[in-house]
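Trainee: okay, here's the prediction I keep looking at, along with the sequence it came from:
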Amino acid sequence: MKSKYDIIVIGSGSGGLGVALGMKTFGFDVLMVEKDGNNIGGECLNSGCVPSKALIHVAELFAKGREAASYGLGDASGKADLQKVWEYVHGRQDMIRDHESLEYLREKEGLDIEIGYAKFSGRKEIEVNGKKFSAKKILVATGSRPRMINVDGMEKVNIYTNENLFHMKELPENMLIIGGGPIGMEMGQSFARLGSKVRVLEKHNRIMSKELPEVSTIVQERLEKDGIDFFLEHQLINFPEANMALLRDKSGNEKTIQCDAVLVGIGRTVSHEGLDIEKAGIKLKDKKVEIDDKLRAKDNKNIVFAGDAAGNVLFSHGAELHTTVLLTNFFTPSPFKQKFNLDHFSWCTFTDPEVCTFGLSEDEIKDRGISYERIDHSFESDDRAITSDYRYGKLILFLKKNWLNPRNGKILGGTVVAPSAGEMAQELIMANQQGLGAGAIFNKTYPYPVQTRVHKMALVEKFSSGISPTIKKLMKFLYH
Ligand SMILES: Cc1cc2nc3c(=O)[nH]c(=O)nc-3n(C[C@H](O)[C@H](O)[C@H](O)COP(=O)(O)OP(=O)(O)OC[C@H]3O[C@@H](n4cnc5c(N)ncnc54)[C@H](O)[C@@H]3O)c2cc1C
Ligand SMILES: NC(=O)c1ccc[n+]([C@@H]2O[C@H](COP(=O)([O-])OP(=O)(O)OC[C@H]3O[C@@H](n4cnc5c(N)ncnc54)[C@H](O)[C@@H]3O)[C@@H](O)[C@H]2O)c1
């Protein structure tokens, strides 16, 4: 291993891998440092996206089995054998490790990888395992950590975060989820479907508060059908005895609930402490580095950030977007460097129904003073939603007002709530990213009855009701 590289990457997760492999492909010398040799691939592969999505898949089979039983398939009662579930989940992680392991990255991708905890020792230098390495640029892609509760009696209950959840020994009888965000809702629904009694405690007055309120309502109603109980605007007071939690509502009423497992999903902590980053000439503010809009440390532009460590977006594909910006900017003269922005970003929460949100939110549109129209389309009378039983679904779209051609306003953002919403929304996301107008959807002929046809129906409903008497008269005149 050398001591000088073109770039050093700290962390082997979505952020680190993207930049390391990109730079290696371009022919540069790359050193990747990972503190934990068993955590190559980072959170996404080891304790995040991959195990959670594999678990959701198995849990969905349980839900579908039960649903099928009500049409005469036979008895589909019972609970999951959690060890068998983990066999599937861990087996799928191993499949991905085939192309994301230490050996693979070293031998097939030709990356130099040092296993050990990296700390800065100079402006362009780090120290790992007592060895010093320097590079023109150093990428910090050290991820984030789960935020933790801090109440009395935590030693009396089994507490899980995403870091140990996927190794739980037995399916809990009673599971308490703290936090109604994507981790809590995806995992809560899965455990409910596998056979646990799930209760969710959320401090706000609704779950999934990063989504629109009507979206929270639909998802909560669907999760209640899976048997989940919600304690909104509640606070965890303590664990007074083994497997027991004491909650308090906003009026001060208290209640104890059973919990042989507690999953904490109350957000993440991003901190750059412990990296000795001050030795690179960088000051910490509230334990974090100040980063500019090109993902560089303000105090030292050769120290760059990707993934959760950048602190602006906490998704695997957020890390992918960081990678694109960084790799572009490494080779672009200063005045033309790309700024990182989330105007066309999207995300999907993989509950059933899925929720996929993209582009600008309604508040952002208002803040920017853009004239827009909002479309709220229920799936109640959509043919595919009727045949496949998701009439509760919803599409919300924000279109830029187009005074000349009202049907062709640009798609600024929106949300789809439905089974497979993440797949459905892809055409809307494409239109949004490419700056296309709604006409791209309106004028499309969809194979009947694909799920996405509802996008066109929403526009037809919106614009057919808006045909003015003058246009109608003109049409009568032209008709022959
Ligand atoms: C349960 C769950 C489900 C999720 N589902 C999704 C999803 O469906 N879709 C999605 O887009 N996102 C999802 N996410 C978010 C996603 O997992 C993260 O945003 C993403 O993995 C972050 O990648 P990263 O590279 O920034 O950090 P990480 O993957 O955490 O990588 C950081 C790496 O740096 C190493 N490291 C830290 N400090 C040092 C040091 N000093 N020296 C050397 N190495 C160091 C760590 O060991 C780690 O391997 C989910 C998260 C969770 C918890
Ligand atoms: N499908 C996906 O892409 C996916 C899935 C899981 C996680 N993630 C990523 O991981 C991040 C972390 O997820 P998360 O669900 O932990 O965080 P989150 O911040 O999105 O949600 C946390 C929830 O916990 C609540 N909360 C906070 N403190 C609380 C307390 N003391 N008591 C009760 N409720 C409390 C908050 O009000 C919020 O609703 C997400 O923001 C997302 O970026 C993505």
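Mentor: Nice, thanks for sending it over. Ligands and ions are numbered 1, 2, ... in the order given.

Trainee: give the contact list for residue 453.
Mentor: Residues in contact with residue 453 (Cβ atoms under 8 Å, 6 or more residues apart in numbering) are 382-384, 446-447. From N, CA and C alone the C-beta is placed, and that goes for glycine too.

Trainee: oh, that last question was meant for residue 364, not what I typed.
Mentor: With Cβ under 8 Å, 6+ apart, residue 364 has these contacts: residue 413.

Trainee: wasn't it part of a helix?
Mentor: Yes - under DSSP: H, G, I helix; E, B strand; the rest coil, residue 364 sits within a helix.

Trainee: centroid-nearest residue for this protein?
Mentor: In the chain, the centroid-proximal residue (Cα atoms, centre = their mean) is residue 315; its distance is 4.8 Å.

Trainee: quick check on it: phi, psi?
Mentor: phi -140, psi 160 (degrees, to the nearest 10).

Trainee: what distance do you get for the closest residue in space to it that isn't next to it in sequence to residue 209?
Mentor: Residue nearest to residue 315 in three dimensions, not counting chain neighbours: residue 347, with 5.7 Å by Cβ to Cβ, 6 or more residues apart in numbering. Remark: distance between residue 347 and residue 209 (Cβ to Cβ, to the nearest Å) = 14 Å.

Trainee: next: residue 159.
Mentor: Counting by Cβ to Cβ, the gap from residue 159 to residue 209 is 23 Å.

Trainee: more neighbours: which of those two?
Mentor: residue 159 (18 against 14; other Cβ atoms under 10 Å).

Trainee: check the more buried one and give its pLDDT.
Mentor: If you check residue 159, the pLDDT there is 98.

Trainee: buried ones in stretch 104-112, by neighbour count?
Mentor: Of all the residues in stretch 104-112, those buried under the rule 16 or more other Cβ atoms under 10 Å are 105, 109, 111-112.

Trainee: check whether it contacts ligand 1.
Mentor: No - against ligand 1, stretch 104-112 shows no contacts by Cβ under 6 Å from any ligand atom, the least distance being 12.6 Å.

Trainee: tell me who's in contact with the residue in the stretch 351-480 of the chain that ligand 1 sits nearest to.
Mentor: Using Cβ to the nearest ligand atom, the closest approach of the stretch 351-480 of the chain to ligand 1 is made by residue 422 at 9.2 Å. By Cβ under 8 Å, 6+ apart, residue 422 lies in contact with 348, 350, 354, 356.

Trainee: which of those come close to ligand 2?
Mentor: 348, 350.

Trainee: and the contacts of residue 422, which is closest to residue 220?
Mentor: Closest to residue 220 out of the contacts of residue 422 is residue 354 (14.7 Å), distances taken as Cβ to Cβ.

Trainee: residues contacting the nearest residue to that closest one once chain neighbours are set aside?
Mentor: Using Cβ to Cβ, 6+ apart and skipping residues adjacent in sequence, the residue nearest residue 354 is residue 421, 3.9 Å away. By Cβ under 8 Å, 6+ apart, residue 421 lies in contact with 348, 353-356, 393.

Trainee: over to residue 421: give its phi and psi.
Mentor: According to degrees, to the nearest 10, residue 421 has phi -60, psi -30.
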